[in-house]
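S.K.: Model the structure of this input:
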Amino acid sequence: MTNSNALSELRLWSWWFAIGLLLTMLVVYLSLANIDLPQVPSGIGDKVNHMIAYGVLYGWFGQLFSNRPNRLIIAVSLVLLGLLMELMQGQTEHRFFDLKDAVANTLGVLLGWLAVNLGADKLLLRFENLFYNSAQ
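M.R.: Numbering: from 1, shown residues only. Now for the predicted structure:
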């Protein structure tokens, strides 16, 4: 599933991918752990957290895989992950299934897709270039 174009552009592609996997594991942990997370002060704060988490995940992986089929696989995978997390929460004693959370996860994926397609697809590359150019 690797994209040769992204592989040739990003010098640290493997590291960025590993960090993306760690971010994904963090989202899974925070989705299932029995902890209270800080909320955005509003009636929809929890939903904002969901949108941010899944938007960041899509934005991260969307930079690593730049062709359309791979980005579609990423989007579908993250939507399914969000739904799976909600189903698993329904099986715990300290969390519950909330369809609105699954919708917020999906909206986050869509916002990440939008950001990547509006120019945020080169942030990691720009960071690398800044780092490597200043080291030379």
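
S.K.: how close does Leu123 sit to Asp101?
M.R.: As judged by CB to CB, to the nearest Å, Leu123 and Asp101 stand 27 Å apart. The C-beta positions use only the backbone N, C-alpha and C, and glycine is treated the same way.

S.K.: more crowded one of those two?
M.R.: Asp101 (22 against 14; other CB atoms under 10 Å).

S.K.: Show me what the helix or strand where the more buried one lies is packed up against.
M.R.: Assigned by DSSP states H and E, Asp101 falls within helix 99-117. The helices and strands touching helix 99-117, judged by 3 or more CB pairs under 8 Å, 6 or more residues apart in numbering; DSSP states H and E, are helix 45-64, helix 68-89.

S.K.: With mean neighbour count as extra columns, can I get the ones you listed in JSON lines?
M.R.: Shown next, in JSON lines, are the helices and strands packed on helix 99-117 (neighbours: other CB atoms under 10 Å):
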{"stretch": "helix 45-64", "mean neighbour count": "21"}
{"stretch": "helix 68-89", "mean neighbour count": "16"}
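
S.K.: That concludes my questions; thank you for your assistance.
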